[in-house]
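Participant: Here is my input, please return the structure:
(chains A and B)
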Protein chains: 2
Amino acid sequence: MTESALSIPKGFKAAACSSGIKKSGKLDLALICADKPVECAGVFTTNKVVAAPVKITESRVRQGLCQAILVNSGNANACTGEQGLLNARRCGDLVAESLDIAPQLVAVSSTGVIGAPLPMHCFEGHVSDLCRMLSQDQFEGVARAMMTTDAFPKMSGRCISFDGSEVRLFGMAKGAGMIHPDMATMLAFILTDAVLADGLLEDALRQAVNSSFNRITVDRDTSTNDMALLLASGEAGNPEIVAESPELGLFTAALNDVMLDLAKMIARDGEGATKLVRVEVKGAASEADALVAARSVATSQLVKTAFFGEDANWGRIIAAVGYSGADVDPDTVSIMFDDIMMVSNGLGLGADQETKASEILKKPEFTVTINLALGEGSAYYYTSDLSYDYVRINAAYRT
Amino acid sequence: MTESALSIPKGFKAAACSSGIKKSGKLDLALICADKPVECAGVFTTNKVVAAPVKITESRVRQGLCQAILVNSGNANACTGEQGLLNARRCGDLVAESLDIAPQLVAVSSTGVIGAPLPMHCFEGHVSDLCRMLSQDQFEGVARAMMTTDAFPKMSGRCISFDGSEVRLFGMAKGAGMIHPDMATMLAFILTDAVLADGLLEDALRQAVNSSFNRITVDRDTSTNDMALLLASGEAGNPEIVAESPELGLFTAALNDVMLDLAKMIARDGEGATKLVRVEVKGAASEADALVAARSVATSQLVKTAFFGEDANWGRIIAAVGYSGADVDPDTVSIMFDDIMMVSNGLGLGADQETKASEILKKPEFTVTINLALGEGSAYYYTSDLSYDYVRINAAYRT
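Facilitator: Residues are numbered from 1 along each chain as shown, chains lettered A, B, ... in the order given. Here you go, the predicted model:
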């Protein structure tokens, strides 16, 4: 989906530039800006090693208002000590000074190499330019400036209407390594022009994170810099969306859709990935069991390399279910690749089915369904395959 | 270490052959046999999907006596249903008939592909030959016949003396995939001729498993077929080793050594591995914390690919500590590669140290020490790097 196909929520502008942080000269610094202070909510990394910009932005977002988001790639400003905090604050101050707004209204975020000091001259030299360049057609530039090992920019949007008014949602995210739930490693910024009653934004964001960014895995590594921010300008002019209303249902469904789109893009663009696989567990004794079983399969290195090898190696799948911790009766397990039944009552169905399944595995996107036949619990995960390129990208990341 | 350098405990013989289970014609079937029923103890997979031979052997070993161990590679006899159990029992019966002993005294174990029926004609045609071939110089053949993706056979031995008598320990193990603690995926058979008081064997084995096979990880996948068996013939003629004696201390230390040797060989021979890395966490708030932190680093795909790339990327190490769940104060963490300090008080020590550390990373074996400076807890893990060959081996395993 290109930016042109998406409509940008009213009340926001953006700009992006290459500031020199990335030696490649690619876009690496961007600014998203609301016309005035707007409501915001955020979800942040659960890693105990928290990058400086996350610390600063988390405390600012907790106030509930935000006007600008500065994001850079190429340097994570993580494990950088007191100087890292000073640098992150200085980045925000540069934006605040240029826009003549309070520093508390500026969120800062960084992604890239851990442990290197932020090259402040890149920010000193370019932030004021960014503030002058702000426009409504630079959002794809932002999505590009967030990229590290991402192969493509990640954007998604939805437009919903009710009572004669249109409400827009637009999100941008970056992957592509250290992807694992709670949180998946990434930055994501979602904008909307919806008018919502106080206090609904945070719940809507947390719920959507749980069924999107928390359901993808590339490598089980949770980063130090994860951050998802949701900003609502209230410029759509819709009747205020209130709690427990049908309109809130529409809004949260659209938010879920946008964030699941982004999450799937992140998984599909997992480092070195050639396939996007939905791992679905049904019939678990509980939803919690379904989740751990699905997670176990989705994160198994052996399963992921078999996907890369297009090998319908269901033994590895059932083994991963077996060690997941979920209740399992091996004799009731069935496994399907899309609509091809591979295993029934714990037993393989033979060479014919394997041949059919290997056709499924050649597809860039398919679903593995595991039915435990013990109860009603179900859950899904999105994962990528594990390829030579994953190793190549990560063995050489800093060189 | 070759077999010739190791002395085989008294009272055991072995034989190995190629029975045709492996299409390559390599050794794939072996028998270890004691001259009479001997004391035994076992530790088995924690996977809920348990292979047929594990089910049968676990119940037999629980009786405390064993005389023969039949092991095959090339087929795991896992997820094979009722027929798999019948086949595993039939394998044991073939040994029992040829040796004229009770079937209850025969342990059976299998490793290889999951979900394929055991090719019984290979057993019917070769078990009686094995029983005739038994000798004291065939143990290396056993270690070879256990191999699946292993690059080399794994054996280790110790000889300890006290009160004028010599006691021997000798172990064989196989890796090399689905390696992760509780249990690490593998088969291991350890033989000793020590005379021990009743009931000591099981504790000694469990303790040694915890500090050896449970401290290695290749890919976090726990197999359906893990099994470690310890057999004691009592032929050494030593004064009986009793509980809480110095002699028991010597014996368990030697057992730990043998099993840690084997565990390190398994990790070094992890699929595609080019390096063996000891991950040591010190100064944790508790031993449990040290263990989860060490495990988190040792299992991080990003850390393991950085090892392969010989990149001293300490940011990934500190991130893996941060999401491990252990208590961490990022500002007190220090990290060393062998004797090169890379990180102090959470901050990188600069390019000079990185250059020195990258020399360490070129070595085939090194230690990463992470000091959390919060308490007295310490723990270690052995891990391998994640290479292109891991992907190659596992993408094409069944083809």
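
Participant: secondary structure element for residue A:86?
Facilitator: In this structure, residue A:86 sits in helix A:81-99 according to DSSP states H and E.

Participant: Count the neighbours of the closest residue to residue A:105 other than its chain neighbours for me.
Facilitator: Once flanking residues are discounted, residue A:105 sits nearest to residue A:67: 4.0 Å by Cβ to Cβ, 6 or more residues apart in numbering or on different chains. For the C-beta atoms, the positions are set from N, CA and C on the backbone; glycine is no exception. Residue A:67 has 23 neighbours, counted by other Cβ atoms under 10 Å in any protein chain shown.

Participant: Need the three-state assignment for residue A:67.
Facilitator: strand (DSSP: H, G, I helix; E, B strand; the rest coil).

Participant: Hmm, residue A:33 and it touching each other?
Facilitator: Yes - judged on Cβ atoms under 8 Å, residue A:67 makes contact with residue A:33 at a distance of 6.7 Å.

Participant: any shared contact partners between those two?
Facilitator: residue A:99 (Cβ atoms under 8 Å, 6 or more residues apart in numbering or on different chains).

Participant: If we go by neighbour counts, what in stretch A:251-265 is buried?
Facilitator: Judged by neighbour count (16 or more other Cβ atoms under 10 Å in any protein chain shown), stretch A:251-265 contains these buried residues: A:251-252, A:254-265.

Participant: measure the residue nearest to residue A:105 to chain B for me?
Facilitator: 30 Å (Cβ to the nearest Cβ, to the nearest Å).

Participant: OK, contacts around that residue?
Facilitator: By Cβ under 8 Å, 6+ apart, the residues touching residue A:67 are A:33, A:34, A:36, A:37, A:38, A:99, A:101, A:105, A:106.

Participant: Which parts of the stretch 51-200 of chain A are helices?
Facilitator: Here the stretch 51-200 of chain A has its helices, by DSSP state H, counting those that start in this stretch, at A:52-61, A:81-99, A:120-133, A:139-145, A:200-210.

Participant: ok, the residue of the stretch 1-150 of chain A found nearest chain B - how many residues close by?
Facilitator: Nearest residue of the stretch 1-150 of chain A to chain B, counting by Cβ to the nearest Cβ: residue A:114, 2.5 Å away. For residue A:114, the neighbour count with other Cβ under 10 Å is 26.

Participant: what do you get for residue A:59?
Facilitator: Residue A:59: 10 surrounding residues under other Cβ under 10 Å.

Participant: So which bits of the stretch 51-200 of chain A are right by chain B?
Facilitator: By the rule Cβ under 8 Å from any Cβ of the partner chain, the part of the stretch 51-200 of chain A lying against chain B is A:76, A:78, A:79, A:80, A:81, A:113, A:114, A:115, A:116, A:177, A:178.

Participant: I'd like these as a markdown table, with pLDDT appended.
Facilitator: Formatted as a markdown table, these follow (pLDDT from 0 to 100):
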| residue | pLDDT |
| --- | --- |
| A:76 | 89 |
| A:78 | 89 |
| A:79 | 88 |
| A:80 | 90 |
| A:81 | 91 |
| A:113 | 82 |
| A:114 | 82 |
| A:115 | 85 |
| A:116 | 88 |
| A:177 | 59 |
| A:178 | 56 |
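
Participant: Which entries within those meet the buried criterion?
Facilitator: By 16+ other Cβ under 10 Å, those give A:76, A:78, A:79, A:80, A:113, A:114, A:115, A:116, A:177, A:178 as buried.

Participant: Quick check: the two most widely separated of the residues you listed?
Facilitator: For these, the maximum inter-member distance is 19.3 Å, found between A:80 and A:177 (Cβ to Cβ).

Participant: quick one: the helices in the stretch 201-350 of chain A?
Facilitator: With helices called from DSSP H, counting those that start in this stretch, the stretch 201-350 of chain A shows them at A:246-268, A:287-299, A:301-308, A:314-322.

Participant: Go ahead and name everything in contact with the last one.
Facilitator: Helix A:314-322 is touched from outside by A:281, A:293, A:296-297, A:300, A:302-303, A:306, A:328, A:330, A:333, A:335, A:342-343, A:346, A:348, A:368, A:370, A:372, B:47-50, B:76, B:78-79, B:113-115, B:178, B:221-224, with contacts defined as Cβ under 8 Å, 6+ apart.

Participant: So what angle separates the directions of it and helix A:287-299?
Facilitator: 140 degrees (axes from the mean of the first three to the mean of the last three Cα atoms, to 10 degrees).

Participant: Same question for the shortest one.
Facilitator: Comparing the axes of helix A:301-308 and helix A:287-299 via the same axes, to 10 degrees yields an angle of 60 degrees.

Participant: same check, this time on the first one
Facilitator: For helix A:246-268 against helix A:287-299, the angle by the same axes, to 10 degrees is 30 degrees.

Participant: now helix A:246-268: mean pLDDT?
Facilitator: The pLDDT scores in helix A:246-268 average 92.

Participant: give me the low-pLDDT residue ranges for chain A?
Facilitator: Within chain A, the segments meeting pLDDT under 70 span A:1-5, A:176-185, A:217-224, A:396-399.

Participant: Which strand runs longest in it?
Facilitator: Longest strand in chain A by number of residues (criterion: DSSP state E): strand A:29-44.

Participant: Buried residues, that strand. List them.
Facilitator: For strand A:29-44, by 16+ other Cβ under 10 Å, it's A:29-34, A:37-44.

Participant: got TSV for the buried residues of stretch A:251-265, with distance to chain B too?
Facilitator: Compiled in TSV, the buried residues of stretch A:251-265 are given as follows (distance: Cβ to the nearest Cβ, whole Å):
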residue	distance to chain B
A:251	32
A:252	28
A:254	31
A:255	26
A:256	25
A:257	28
A:258	26
A:259	21
A:260	23
A:261	25
A:262	21
A:263	19
A:264	20
A:265	20
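
Participant: which two in those are spaced the farthest apart?
Facilitator: A:251 and A:265, at 21.5 Å, using Cβ to Cβ across the buried residues of stretch A:251-265.

Participant: What distance separates the opening and closing residues of stretch A:309-323?
Facilitator: This stretch, stretch A:309-323, spans 23 Å end to end (Cα to Cα, to the nearest Å).

Participant: chain center to it, what's the gap?
Facilitator: 26 Å (Cα atoms, centre = their mean, to the nearest Å).

Participant: With stretch A:383-390 instead?
Facilitator: With Cα atoms, centre = their mean, you get 18 Å for stretch A:383-390.

Participant: Then stretch A:295-307?
Facilitator: Mean C-alpha position of stretch A:295-307 versus that of the full chain (Cα atoms, centre = their mean) differs by 20 Å.

Participant: Same check on stretch A:187-203?
Facilitator: For stretch A:187-203, the distance to the chain centre is 16 Å (Cα atoms, centre = their mean).

Participant: Also stretch A:55-69?
Facilitator: Distance, stretch centre to chain centre, for stretch A:55-69: 19 Å (Cα atoms, centre = their mean).

Participant: Flag every buried residue along it.
Facilitator: A:55, A:56, A:57, A:58, A:60, A:61, A:65, A:66, A:67, A:68, A:69.

Participant: Quick one: end-to-end distance for it.
Facilitator: Using Cα to Cα, the end-to-end distance of stretch A:55-69 comes to 14 Å.
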